[in-house]
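> Quick one, structure for this:
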Amino acid sequence: MSNTIMPGCRNWMSYLMDSLVNAGTMPSWEALQYLVTNLLGEAPNPHLHQSKSPYETIQQFLHRIYGPIVEAASRTVEIPAQAMIHMFTDISLMGKSAVLVVYFPGQNAPHQLLLLDSVPAWDLVFENSAAFDIWAEERYQWIVKALQSIGHPIESSMLECPTTLQPILV
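Model (predicted):
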């Protein structure tokens, strides 16, 4: 994708802040401070390096950043009620961490990978909120396009009445 702001691109920093506040994770002033200190500035992110438990801090950080993006994408594309979308992280303290977004259609159907993003968490820092918006919008679009490509055909077995319940015509 190009590095230009797409028409209708949302303010992702605000969206993430609202998500953190509405989930009860932190109050608004703390959410704003958390996002600004962890997303804006120069790499490497000193807050992730100075943590007493860097593994948990990085995992929490990635979930707080990617989670609202995944949620927004799942609201954009209609998915069946039995389907689920899960986000997984594989944290690396030395190299790149992985963020996986997986679609589970339900009814024991095979799952599908929607996004695999390799990220050095401590380098996930942007010069300003516009640069972050471009980055977040790109991931959002990747997930939306992956969901749209899956399609949700209605199985014929769901439309047909079982033979034991079909009326007998004379």
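
> In three-state terms, label the residue nearest to Trp122 when sequence neighbours are not counted for me.
The shortest distance from Trp122 to any non-neighbouring residue, by C-beta to C-beta, 6 or more residues apart in numbering, is to Pro44 (4.1 Å). For glycine as for every other residue, the C-beta is placed from the backbone atoms N, C-alpha and C. Under DSSP: H, G, I helix; E, B strand; the rest coil, the three-state class of Pro44 is coil.

> Pretty sure Pro44 sits against Ala121.
No. Under the criterion of C-beta atoms under 8 Å, Pro44 is not in contact with Ala121, lying 9.2 Å apart.

> Show me which of the two is the more surrounded one.
Ala121 (25 against 14; other C-beta atoms under 10 Å).

> does the more buried one really touch Asn45, like I thought?
Yes. The pair formed by Ala121 and Asn45 meets the contact definition of C-beta under 8 Å, at 7.3 Å.

> Stretch 18-32 - what's its average pLDDT?
Across stretch 18-32, pLDDT averages out at 93.

> Just the terminal-to-terminal distance for it.
9 Å (C-alpha to C-alpha, to the nearest Å).

> My guess is Tyr15 contacts Val70. True?
No. Applying C-beta under 8 Å, one finds Tyr15 not in contact with Val70, separated by 11.9 Å.

> more neighbours, the two?
Applying other C-beta under 10 Å to Tyr15 and Val70 shows that Val70 carries more neighbours, namely 20 against 17.

> Just confirm the more buried one is within a strand.
No. Assignment of Val70 by three-state DSSP gives helix, placing it outside any strand.

> got a pLDDT number for it?
At Val70, pLDDT is 96.

> can you map out the helices along the protein?
Secondary structure of the chain by DSSP state H: the helices cover 12-22, 28-39, 46-49, 54-76, 129-150, 156-159.

> so which of the ones you listed comes closest to His86?
With C-beta to C-beta as the criterion, His86 lies closest to helix 54-76 of the helices of the chain, at 8.8 Å.

> can you give me the angle the closest one makes with helix 129-150?
60 degrees (axes from the mean of the first three to the mean of the last three C-alpha atoms, to 10 degrees).

> from the chain's centre, how far out does helix 54-76 sit?
From the chain centre to the centre of helix 54-76 is a distance of 6 Å (C-alpha atoms, centre = their mean, to the nearest Å).
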